[in-house]
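*Asks:* Got a sequence here, can you model it:
(chains A and B)
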Number of protein chains: 2
Amino acid sequence: MAIRAAVFDVFGTVVDWRGGVAAEMAAAFRAKDVDHDAAAFADAWRGEYQPAMERIRTGARGYARLDDLHRENLDIVLKARGLDGLFDAAERDALNHAWEHLPPWPDSVAGLAAIRERMPVATCSNGSISLMVALARFGGLVWDAVLGAEIAQGFKPDPKVYRASAAALGLAPDEVVMVASHNRDLAAARAAGLATAFVARPDEKGPGLGESRPESDWEFAADDLIDLSRRLG
Amino acid sequence: MAIRAAVFDVFGTVVDWRGGVAAEMAAAFRAKDVDHDAAAFADAWRGEYQPAMERIRTGARGYARLDDLHRENLDIVLKARGLDGLFDAAERDALNHAWEHLPPWPDSVAGLAAIRERMPVATCSNGSISLMVALARFGGLVWDAVLGAEIAQGFKPDPKVYRASAAALGLAPDEVVMVASHNRDLAAARAAGLATAFVARPDEKGPGLGESRPESDWEFAADDLIDLSRRLG
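*Replies:* Numbering: from 1, shown residues only, chains lettered A, B, ... in the order given. The predicted structure is shown next:
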């Protein structure tokens, strides 16, 4: 099996969504003189992510960009946490851009660049194209193409998202490796025919609360993206 | 009107398709000890481009990637030029990759990078995603996203291609400038609501045979992409 391209999960695998969102929310709470746990808020916001996508995956709702789901989920979380009156609609729209300002993990820029020297690299994220573009420009990431949810009009782990991403690169699924720090993402990618690479992000959901170990015999398993670049090489 | 992103025609505007295809064909003819005008062959191959897309634009045929149209057109041109027996199917498949090996114009890499410092840059080409990825990697071009025909499932000058490219960037059409060396492309982009920038490529179709002048009051007109980066800045 010759791997000819690599596609990447982004939230958690390449960028630190929790740290980035918590930092933006902490600043927003400070500006309002409100004392609220920003990291817990980030966790709650992210907690609405799967249920919102699930309504689309099941067909109960047509495809909507993740940006719109994030904005709806922000309303839900503010209300649930007793913060409903704190931010007006324009402020909420601005807060939603927190998802465009997520710091790459320390190894991400160099690791991705090293992999890109060997083969095309593309996103295979549930984020929209514009969100991926904004994140890449914020963090200094360079992608050869932005693929994933929006081109497939669906959300992972729907197999069509992985397959559409490989097809867009002009490749068969087994010529493409899916890179993710989530075992569930890799299981779905493998079921769709892709090769798989696990990257440990042990602190993704807070210190020690990320996935640190491969739970299956993925083709590759790496400590970070620099380590993965060596293993793919 | 604030321009927040730039989308680019690629064949002719960013890369020299004629020079690139002619060089690959010249090598292929030499390898077969055949004396044939490689530049004229490139012109004939490109000559089949619009008719092939027109069948899709009119709905007579479903969307097919430009790579497949190029491959079909190669058969047509070889036959028309009395070269039908010269290359077998595998050799023709290999020759079709000529369209992935097109040199950027001398100003393209630096001009595009300068524009990218100011705003996101994306392709809005009739080429497929995989073709755009291959061209960018061959020429050292960096795009924020590969948009255009394949995400819209149609071909320029169909307005949906321009609009889908702006929408994928999360922008209104008039927040995006279409950059092209073809007045017809810009007229269609303007009709779709985009801002327009003409770049002179006077030698695109052979010495002195490209478009050297804007034929309308496009928002921007430039001598090359470095010049355009200054005008946009």
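*Asks:* Could you give the number of residues near A:Thr58?
*Replies:* 8 (other CB atoms under 10 Å in any protein chain shown). No exception for glycine: its C-beta is placed from N, CA and C like everyone else's.
*Asks:* Pull the residues that contact the least confident helix or strand in chain A by mean pLDDT.
*Replies:* Using mean pLDDT, DSSP states H and E, the weakest-scoring helix or strand in chain A turns out to be helix A:49-57, at a mean of 93. Residues outside helix A:49-57 that contact it (CB atoms under 8 Å, 6 or more residues apart in numbering or on different chains): A:61-64, A:66, A:69-70, A:72-73, A:126, A:154-155, A:158.
*Asks:* for those residues, which one is nearest A:Pro103?
*Replies:* A:His70 (17.6 Å; CB to CB).
*Asks:* need the next SSE after the one helix or strand A:Leu112 maps to, C-terminal direction.
*Replies:* Assigned by DSSP states H and E, A:Leu112 falls within helix A:108-118. For helix A:108-118, the following helix or strand on the C-terminal side (DSSP H and E) is strand A:121-125.
*Asks:* Report the strands that pair with that following strand, each with its relative direction.
*Replies:* If you go by DSSP bridges, strand A:121-125 pairs up with strand A:5-8 (parallel), strand A:145-148 (parallel).
*Asks:* Next, the angle helix A:108-118 makes with the helix or strand just after that strand.
*Replies:* Scanning forward in sequence from strand A:121-125 by DSSP H and E, the next helix or strand is helix A:129-139. With axes from the mean of the first three to the mean of the last three CA atoms, to 10 degrees as the basis, helix A:129-139 and helix A:108-118 are set at 110 degrees to each other.
*Asks:* check whether helix A:129-139 contacts chain B.
*Replies:* Yes: legend: contact between helix A:129-139 and chain B by CB under 8 Å from any CB of the partner chain is shown at A:Ile129, A:Ser130, A:Leu131, A:Met132, A:Val133, A:Ala136, A:Arg137.
*Asks:* Can you report phi and psi for the residue nearest the centre of chain A?
*Replies:* For chain A, the residue nearest the mean C-alpha position is A:Phe11 (2.2 Å; CA atoms, centre = their mean). With angles defined as degrees, to the nearest 10, A:Phe11 sits at phi -70, psi 110.
*Asks:* cool, A:Gly154 as well?
*Replies:* Per degrees, to the nearest 10, the backbone of A:Gly154 is at phi -170, psi -180.
*Asks:* rewinding a little: my guess is the residue nearest to the centre of chain A contacts A:Leu131. True?
*Replies:* No: distance between A:Phe11 and A:Leu131: 9.7 Å, which falls outside the contact criterion (CB atoms under 8 Å).
*Asks:* mind listing what the residue nearest to the centre of chain A touches?
*Replies:* Per CB under 8 Å, 6+ apart, neighbours of A:Phe11: A:Trp17, A:Leu102, A:Ser125, A:Asn126, A:Gly127.
*Asks:* Max pairwise distance over those: which two?
*Replies:* A:Leu102 and A:Asn126 (13.8 Å).
*Asks:* ok, for A:Val34, nearest residue in space, not its chain neighbours?
*Replies:* Once flanking residues are discounted, A:Val34 sits nearest to A:Leu86: 6.4 Å by CB to CB, 6 or more residues apart in numbering or on different chains.
*Asks:* wait, A:Arg190
*Replies:* A:Arg190 sits nearest to A:Thr196 (CB to CB, 6+ apart), 5.2 Å away.
*Asks:* three-state assignment of that neighbour?
*Replies:* What DSSP: H, G, I helix; E, B strand; the rest coil gives for A:Thr196 is strand.
*Asks:* count of residues packed around it?
*Replies:* 22.
*Asks:* Please apply the same query to A:Arg118.
*Replies:* 14.
*Asks:* hang on, it packs against A:Arg231?
*Replies:* No: using CB under 8 Å, A:Arg118 makes no contact with A:Arg231, being 11.1 Å away.
*Asks:* what does chain A put close to chain B?
*Replies:* A:67, A:120, A:122, A:128-133, A:136-137, A:142, A:144-147, A:150-151, A:168-171.
*Asks:* can you name the farthest residue from the center of chain A?
*Replies:* A:Asp33 (30.8 Å).
*Asks:* I'd like the distance from the nearest residue to A:Ala110 once chain neighbours are set aside to chain B, if you could.
*Replies:* Spatial nearest neighbour of A:Ala110, chain neighbours left out: A:Ile226 (5.9 Å); criterion: CB to CB, 6+ apart. A:Ile226 sits at a distance of 21 Å from chain B (criterion: CB to the nearest CB, to the nearest Å).
*Asks:* Could you say which helix or strand holds A:Ile226?
*Replies:* Counting by DSSP H and E, A:Ile226 is part of helix A:225-232.
*Asks:* Counting neighbours, which bits of that helix end up buried?
*Replies:* Going by neighbour count (16 or more other CB atoms under 10 Å in any protein chain shown), the buried part of helix A:225-232 is A:Leu225, A:Ile226, A:Asp227, A:Leu228, A:Ser229, A:Leu232.
*Asks:* now for those residues, which pair is the farthest apart?
*Replies:* Farthest pair in the buried residues of helix A:225-232, by CB to CB: A:Ile226 and A:Leu232, 11.1 Å.
*Asks:* Give me the domain ranges for chain A.
*Replies:* A:5-16+A:102-232, A:17-99 (automatic domain parsing).
*Asks:* Present those as JSON lines; the columns should include distance to B:Gln50.
*Replies:* Output for the domains of chain A, formatted as JSON lines (distance: least, CB to CB, whole Å):
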{"stretch": "domain A:5-16+A:102-232", "distance to B:Gln50": "23"}
{"stretch": "domain A:17-99", "distance to B:Gln50": "33"}
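*Asks:* Deepest-packed of those domains, please.
*Replies:* Ranked by mean neighbour count, the domains of chain A are led by domain A:5-16+A:102-232 with a mean of 21 (mean count of other CB atoms under 10 Å in any protein chain shown).
*Asks:* ends of that domain, how far apart?
*Replies:* From its first residue to its last, domain A:5-16+A:102-232 covers 10 Å (CA to CA, to the nearest Å).
*Asks:* repeat for stretch A:178-197
*Replies:* Terminal-residue distance, stretch A:178-197 (CA to CA): 6 Å.
*Asks:* Determine the next helix or strand in the C-terminal direction from the strand or helix carrying A:Ala28.
*Replies:* Using DSSP H and E, A:Ala28 maps to helix A:17-31. Following helix A:17-31 in sequence order, the next helix or strand is helix A:38-47 (DSSP H and E).
*Asks:* got the CA coordinates for that following helix in PDB?
*Replies:* Listed next in PDB are the C-alpha coordinates belonging to helix A:38-47 (Å, rounded to 0.1, in the frame of the first residue of the first chain):
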ATOM      1  CA  ALA A  38     -13.700  29.800  30.700                       C
ATOM      2  CA  ALA A  39     -12.300  26.300  30.300                       C
ATOM      3  CA  ALA A  40     -15.600  24.800  31.500                       C
ATOM      4  CA  PHE A  41     -17.400  27.000  29.200                       C
ATOM      5  CA  ALA A  42     -15.300  25.800  26.300                       C
ATOM      6  CA  ASP A  43     -16.000  22.200  27.300                       C
ATOM      7  CA  ALA A  44     -19.700  22.900  27.400                       C
ATOM      8  CA  TRP A  45     -19.700  24.600  24.000                       C
ATOM      9  CA  ARG A  46     -17.700  21.700  22.500                       C
ATOM     10  CA  GLY A  47     -20.200  19.400  24.200                       C
END
